[in-house]
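Student: Next come a sequence and a model predicted from it.
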Amino acid sequence: MATEMAPRRSTERELRHSMDRHLRTSIDDLNNNEAHDYADGHDIHRHSTDAASRRNVSPRSYTRHSAEYSGSLAPPLRAASPAPPSIILSRHSTRDQTALPPPHPPPTGGSSCRNLDRYNQGDWALDQHLTNLVMELEPPSKVRNIRKLGRASTAAAGPTDKEDHHLDQLHRDSERGRDDNDNDITDRDRERRFRINFAEVQRMRVRKLQCRLVRDVVDMRYTGREVDGWEEALDKYIQALRDYDYMEKRSQSARDPFLATGEYYIDHYIIMSYLPDELLELPPADDAAERLPKVKSVCKWEDSVTDRVQQICGTRTANQFSALVGRIAVAALGGVFLLGPMWLMVLHNTLWTALVSTTVFVTAFGVVVASFIEEHKDVLASTAAYAAVLVVFVGASTAGPVGGSAG
């Protein structure tokens, strides 16, 4: 009896060892899920086929027959122990990159100095947008000094006492300079102002998400397996595009909230508080490689002593007053476009006056509407409706005896 039990125990140990090795290899195959997964899966299939051939069973039913054979010899096997950390690999953290293809070099002619990393696209995306993150402002010309951005803020009443105290404190802090040992801010800081574009950061985010989506789609195409997280990446990519459309829409407002520009005094104070001293100490050479790109100023540079400092996004009272002024201006403009040609056709009732005035006013109206309306169909409908109204004026003015004699 003992002689018969010895081969059965030996066979049971071999079977347990084989199934445990098969289970660990399967866990490793599921966690990697990359190009080398195919090789691991192929090895597993080969081992399963060899083991099945020795027992004269098909590879698909190898697991089922093994379980039945084990149950006939011994009690059910206990659960397999957890695989060591070296076997279970995280999908997005630790991966064996030896089986993956080497990264492609950066595109020629670009500003990138680093290759595109398969698992960290942020550094490469940053290289593509690095030069446009911070730019230096050119001093405004006398012509541009007339233009003022942020009309919503300038139309408001003066700031409250609390705001005055806060602005005075900002002015005193800026006068003390960037170092407590300095008594006054340097002349170079007075003359140099900068602009930070948050829209460029959003474009960098869109590019980063695009790289991640391309990686996941390529992996799914050539491995035949679904990659975890591709749905979340696609949702983030779509939301990032929607956010960029919103940022583009807000850029048409009186003051773009996605620009931190030194043209406004408080923005200038914030930017100068975070810029490194090494950047401010660079010589004013425009052709230096380390210099920031320069952009033209679109409005007068604010001075806390002589100008009223504008608040970001404007106050509610200022925005409401600005909206009221805008509606009144639109109503007045519409009255000019309707009453102007009517007065001309009535006071100077000739056919040429009616035709020329209609042509000029319809053209001007189309240009104005195209400047404020984005949809092409809305521009066409508005211009056609206005032209129809003027055609009625032309018919009424040329139907009289004076118009008939003039024709």
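Tutor: Ah, there it is.
Student: can you tell me how far residue 208 sits from residue 200?
Tutor: Noted for residue 208: a distance of 13 Å to residue 200, by C-beta to C-beta, to the nearest Å. From N, CA and C alone the C-beta is placed, and that goes for glycine too.
Student: Looking at these two, which one has more neighbours?
Tutor: residue 208 (22 against 17; other C-beta atoms under 10 Å).
Student: what sits against the more buried one?
Tutor: 121-122, 125 (C-beta atoms under 8 Å, 6 or more residues apart in numbering).
Student: Could you do residue 261 as well?
Tutor: 137, 193-196, 267-268.
Student: Quick check on it: phi, psi?
Tutor: phi -120, psi 140 (degrees, to the nearest 10).
Student: For beta bridges, what are the partners of it?
Tutor: residue 195 (DSSP bridges).
Student: would you list every one of the helices in the stretch 201-350 of the chain?
Tutor: Along the stretch 201-350 of the chain, counting by DSSP state H, counting those that start in this stretch, helices occupy 230-250, 265-274, 277-280, 316-347.
Student: in the longest one, what counts as buried?
Tutor: Just to be clear, that refers to helix 316-347. 318-319, 321-322, 337, 341, 344-345 (16 or more other C-beta atoms under 10 Å).
Student: For the helix or strand that it is followed by, name the packing helices and strands.
Tutor: With elements assigned by DSSP states H and E, the helix or strand that comes after helix 316-347 is helix 351-372. Packing partners of helix 351-372 (3 or more C-beta pairs under 8 Å, 6 or more residues apart in numbering; DSSP states H and E): helix 316-347, helix 376-398, helix 401-406.
Student: One more pass at 6 Å, please.
Tutor: helix 316-347, helix 376-398 (3 or more C-beta pairs under 6 Å, 6 or more residues apart in numbering; DSSP states H and E).
Student: so it versus helix 316-347, what angle?
Tutor: 160 degrees (axes from the mean of the first three to the mean of the last three C-alpha atoms, to 10 degrees).
Student: what's in contact with helix 351-372?
Tutor: Helix 351-372 is contacted from outside by 337, 341, 344-345, 379, 382-383, 386-387, 390, 394, 397-398, 406-407, using C-beta atoms under 6 Å, 6 or more residues apart in numbering.
Student: Take the helices of the stretch 201-350 of the chain and lay them out in TSV including distance to residue 132.
Tutor: Shown next, in TSV, are the helices of the stretch 201-350 of the chain (distance: least, C-beta to C-beta, whole Å):
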stretch	distance to residue 132
helix 230-250	14
helix 265-274	15
helix 277-280	16
helix 316-347	29
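Student: before we move on, back to that, just flag the most distant two among the contacts of helix 351-372.
Tutor: Within these, 379 and 406 form the most distant pair, 33.6 Å apart (C-beta to C-beta).
Student: between the helices of the stretch 201-350 of the chain, which gets the lowest average pLDDT?
Tutor: In terms of mean pLDDT, the lowest-scoring of the helices of the stretch 201-350 of the chain is helix 277-280 (a mean of 70).
Student: re the thing from before, tell me the buried residues within the contacts of residue 261.
Tutor: For the contacts of residue 261, buried by 16+ other C-beta under 10 Å: 137, 193-196, 267-268.
Student: and the gap between residue 255 and residue 294?
Tutor: Distance from residue 255 to residue 294, by C-beta to C-beta: 21 Å.
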